[in-house]
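[1] need the 3D shape of this:
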Amino acid sequence: MVGFTALLSAVSAQAAPAKTAPAPRPAAPAIALQTLKDVTKTLSSDAYEGRKPVSAAETKTTDYVVQRFKAAGLKPGNNGSWFQAVPLVEMTAQDVSPMTITGGKTPLSLAFRDDVVVKSYRVTPNIALKDSPVVFVGYGINAPERGWNDYAGVDVKGKTVIILVNDPDWQSTERTGLFEGKAMTYYGRWTYKYEEAARQGAAGAIIVHDTEPAAYGWGVVQSSNTGPQLELDEKGDHADQSDAIGWIQLAKAKELFASAGQDFDALSAAAKVKGFTAVPLGVTASVSFTNTIKRQASKNVIGILPGKTKPKEYVFFTAHWDHLGHCTPVKGDGICNGALDNASGTAGLVALAEANAKAGPARRSIVFMSVTCEECGLLGSRYYAEHPVYPLATTVGGVNMDGLNTVGRAKDFVVTGAGKSALEDMMAKLVAAQGRVIKPEPNPERGSYFRSDHFMFAKLGVPMFYGESGEDLRVGGEAAGHAATLDYIENRYHKPQDEYNPAWDWSGALEDVKLYYGLGRALADGAMWPNWYKTAEFRAVRDRDHPEARTKP
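    Modelled structure (predicted):
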């Protein structure tokens, strides 16, 4: 097996211009296991109240991250400050009426939280959707490049659209097809569906919750869409958004369609076929609520290890510090601690800061950013990408972490959203050096590529790597790994049960963090400008900003 340090040199040398000899490498520092344990345990303790942005716990959380960054040997990363202010507006829906459906065979009254959840992006104190005609728009996709438009031939201005979650071909066993088969595209994400409904002028946008294509249960929908909701505070107060957005339980959606004289299952099947035409249901929807509005700011935490010879070229490591705060109690416990998601990723970020500082400055600067509001819709990373401290044109690329492996060493490693950038080729060699293999995502239908902070960099052309241990565990194999994944999603994800466990096996996390170190350090010590593959949707921006990258794969 090739040694890790030797391979790190080889990866950097291969990607660098032919006439540039790789600099000698010191031995890769060990990743501190105690740091992973201590940071995760601290940030996920009840004292940090679930790390909700702009709550009383935010200052405690971000101060702790700064403390660890300082101790690691980083410098403040924003013109002498450790923080980047992220302006937010917090809205809390109150006095939410039941959503009533009238005009059909049977009037329906859908209870808030139990049957539907509703909120609004519009910064206004009163929301009233009254007698809004309901239209079923299938998957709510408008993708001209794929010849697909669920809104063709229908005017939904002022109306309420009912939308299916995921893509039309999510049930495929293959990963090819108009919407990439079982691998979710951005068109399958709830964020896209709300965005497109707003572009079409819909007054209401309600997504049908189905656990399998959504990849999470109704409890996650409840906890994520009720209580205080955060959005970036922007000019216009989001007046271009729909009045009311939300989700409806699958069983209640079927009742709604039956009241309208329609067969939900039949229309859902029709919506999977290209050329589907939206169906007005002949019923109307009404719902109202008030919004309490509070404008405030959260913080991204930024530290930097300045580069030696190219200090104005930047490599990033990112992980989000936030979680859900106080949430729906389970057996009397109402704090969503977020131990795995993402206290563990923040711990990985601190451990990487320590390891890189011990190795000494790299050729390029290395930035460590703990971002806010990932759970609110990637708001912290979005704000940074749109208001960068370091120009994106001089940002080489980087690595994002969102939950570490705490169930033991894995034989495999999964690249999330594989097939997008040359960073994958670099990582493949590092993975092989650990005696592991790259495998496809076991659950690409979950759309994980679009659900973490690297995506906001990617949209603006910066290649960011996101990957983690696969499910083929060295002890227990694929059966044990898959069971662990399902157990987490069903019993802990976005729930109070996501708590620190002293019995966790960190051996897999240590292997993965070594990989992240290797990739980041190769970028920081190298001269390469990694690019997206030619088929990637983010290639054009990178080519525009970096002519050096145009000839790369």
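
[2] mean confidence for stretch 399-411?
    The average pLDDT within stretch 399-411 is 97.

[3] show me what the helix or strand harbouring L430 is packed up against.
    Using DSSP states H and E, L430 maps to helix 423-433. On a contact count with 3 or more C-beta pairs under 8 Å, 6 or more residues apart in numbering; DSSP states H and E, helix 423-433 meets helix 4-15, strand 412-415, strand 437-439, strand 464-465, helix 507-525. From N, CA and C alone the C-beta is placed, and that goes for glycine too.

[4] what do you get if the cut-off is 6 Å, keeping everything else the same?
    Packing contacts for helix 423-433, counted by 3 or more C-beta pairs under 6 Å, 6 or more residues apart in numbering; DSSP states H and E, involve helix 4-15, helix 507-525.

[5] mind listing what's buried in it?
    Across helix 423-433, burial judged by 16 or more other C-beta atoms under 10 Å covers L423, E424, M426, M427, K429, L430, V431, A433.

[6] between those, which is nearest D243?
    Using C-beta to C-beta, L423 comes nearest to D243 of those, at 41.1 Å.

[7] can you map out the helices along the stretch 151-300 of the chain?
    Per DSSP state H, counting those that start in this stretch, the stretch 151-300 of the chain carries helices over the ranges 190-199, 211-214, 218-225, 250-259, 264-270.

[8] make a markdown table out of those and add mean neighbour count.
    Output for those, formatted as a markdown table (neighbours: other C-beta atoms under 10 Å):
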| stretch | mean neighbour count |
| --- | --- |
| helix 190-199 | 20 |
| helix 211-214 | 17 |
| helix 218-225 | 19 |
| helix 250-259 | 19 |
| helix 264-270 | 15 |
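
[9] could you tell me the least trusted of the helices and strands packed on helix 423-433?
    Mean pLDDT is lowest for helix 4-15 out of those, coming in at a mean of 36.

[10] quick one on the thing from earlier: out of the helices of the stretch 151-300 of the chain, flag the one nearest W504.
    Closest among the helices of the stretch 151-300 of the chain, using C-beta to C-beta: helix 218-225, at 22.2 Å.

[11] next one: the closest one to chain centre, how far?
    16 Å (C-alpha atoms, centre = their mean, to the nearest Å).

[12] got a list of what the residue of the chain positioned farthest from its centre touches?
    Here the chain reaches farthest from its C-alpha mean at K105, the gap being 40.9 Å by C-alpha atoms, centre = their mean. Counting by C-beta atoms under 6 Å, 6 or more residues apart in numbering, K105 touches S259.

[13] which SS class is it?
    Recorded secondary structure, K105: coil (DSSP: H, G, I helix; E, B strand; the rest coil).

[14] for A266, see how far away A258 is.
    Note on A258: its distance to A266, by C-beta to C-beta, to the nearest Å, is 12 Å.

[15] between the buried residues of helix 423-433, which sits nearest I141?
    Lowest distance from I141 to the buried residues of helix 423-433 (C-beta to C-beta) belongs to E424, with 27.1 Å.

[16] how far does the strand ranked longest in the chain sit from the chain's center?
    Ranked by residue count and defined by DSSP state E, the top strand of the chain is strand 279-305. Remark: strand 279-305 is offset 17 Å from the chain centroid, using C-alpha atoms, centre = their mean.

[17] likewise stretch 149-169?
    Relative to the centre of its chain, stretch 149-169 is centred 24 Å away, using C-alpha atoms, centre = their mean.

[18] and after the worst-scoring helix or strand of the chain on mean pLDDT, which helix or strand comes next?
    Within the chain, no helix or strand scores below helix 4-15, which has a mean of 36 by mean pLDDT, DSSP states H and E. As assigned by DSSP H and E, the chain's next helix or strand after helix 4-15 is helix 33-43.
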